[in-house]
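Visitor: I need the structure of the sequence given here:
(2 chains)
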Amino acid sequence: DAGVIQSPRHEVTEMGQEVTLRCKPISGHDYLFWYRQTMMRGLELLIYFNNNVPIDDSGMPEDRFSAKMPNASFSTLKIQPSEPRDSAVYFCASSLVRTSGTNEQFFGPGTRLTVL
Amino acid sequence: AQTVTQSQPEMSVQEAETVTLSCTYDTSESDYYLFWYKQPPSRQMILVIRQEAYKQQNATENRFSVNFQKAAKSFSLKISDSQLGDAAMYFCAYIGRGSQGNLIFGKGTKLSVKP
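Guide: Sure, this is the predicted structure:
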């Protein structure tokens, strides 16, 4: 399996522009997570999905952020309009619930976003 | 609310020596999982080791082992025979057994390995 795939790996944009980050989870996994990593706040959970349905979006910072999961193999995180304080590394992770599982989450390589 | 604390922002170890990274957590739950993730300069988050709270035996994975003290809510990571490739950020993380989403991370410890 190729693991969790994220694109792009790097994104540089100007303030006010729309940014779309993409994620393909591991095939067969039923949970998908979006995290943001900054020096100041560390790793924060933004939102997660179960079977393509958003379960908890309480970590989404504000209405400029939105996430979708139209099918089991694809998710997007959109920022519109982007601001310099959105600059961070955004991770996507996926997991498979097992009755005796350890809830291990597998992370993608991340997208480094820079908003100028 | 659950919290995870890593009190050592940076650590250093000589190659081939042993180093211990500290992690404490706070929770009212009785059943949960604890993890150590490694993040090298490539940014990839790599699971190093996991511990299930209901298991008293400390988890081990090759050169990596944990000292899990449930009563003290402590979960330290020991790296034996340190190698240059062990240099990375290490994150301690917690998740309740019944929770799928809320993987709570500590702030991380930056480990340097000296040749």
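Visitor: List the beta-bridge partners for the residue nearest to the spatial centre of chain A.
Guide: The residue lying closest to the centre of chain A (Cα atoms, centre = their mean) is A:W34, at 2.8 Å. With DSSP bridges as the criterion, A:W34 is bridged to A:I47, A:C92.
Visitor: Distance-wise, check it relative to chain B.
Guide: As judged by Cβ to the nearest Cβ, to the nearest Å, A:W34 and chain B stand 11 Å apart. Yep, even glycine has a C-beta here, placed from its N, CA and C like the rest.
Visitor: quick one: that residue from B:L84, how far?
Guide: Distance, A:W34 to B:L84, using Cβ to Cβ, to the nearest Å: 33 Å.
Visitor: Can you pull up the residues of chain A that come close to chain B?
Guide: Counting by Cβ under 8 Å from any Cβ of the partner chain, the residues of chain A close to chain B are A:31, A:33, A:42-43, A:45, A:48, A:50, A:55-56, A:89, A:91, A:93, A:95, A:97, A:102-107, A:109-110, A:112.
Visitor: sorry, back to before: dump the residue contacts of the residue nearest to the centre of chain A.
Guide: With contact set as Cβ atoms under 8 Å, 6 or more residues apart in numbering or on different chains, A:W34 has these partners: A:23, A:45-48, A:67, A:75, A:77, A:90-92.
Visitor: let's see 6 Å
Guide: Neighbour list for A:W34: A:46-47, A:67, A:77, A:92 [criterion: Cβ atoms under 6 Å, 6 or more residues apart in numbering or on different chains].
Visitor: Please name the spatially closest residue to whichever residue of chain B sits closest to chain A (chain neighbours excluded).
Guide: The nearest approach of chain B to chain A comes at B:M45, 3.7 Å away (Cβ to the nearest Cβ). Closest residue to B:M45 apart from its sequence neighbours, by Cβ to Cβ, 6 or more residues apart in numbering or on different chains: A:F107 at 3.7 Å.
Visitor: any idea which residue sits dead centre in chain B?
Guide: B:W36 (3.2 Å).
Visitor: roughly how far apart are B:K55 and B:E29?
Guide: Per Cβ to Cβ, B:K55 is found 15 Å from B:E29.
Visitor: out of these two, which sits in the busier spot?
Guide: Using other Cβ atoms under 10 Å in any protein chain shown, the more surrounded residue of B:K55 and B:E29 is B:E29, with 13 against 10.
Visitor: B:Y32: what's it in contact with?
Guide: Taking Cβ under 6 Å, 6+ apart, we find B:Y32 in contact with B:53, B:96-97.
Visitor: typo on my end, B:T18
Guide: Contacts of B:T18 by Cβ under 6 Å, 6+ apart are B:S80.
Visitor: Tell me the confidence at it?
Guide: You'll see B:T18 listed with a pLDDT of 97.
Visitor: Tell me, how many residues neighbour the residue nearest to B:M45?
Guide: Quick note: A:F107 (other Cβ under 10 Å) scores 22 neighbours.
Visitor: What parts of chain B come near chain A?
Guide: B:33, B:43-45, B:50, B:95, B:100-101, B:103, B:105, B:107 (Cβ under 6 Å from any Cβ of the partner chain).
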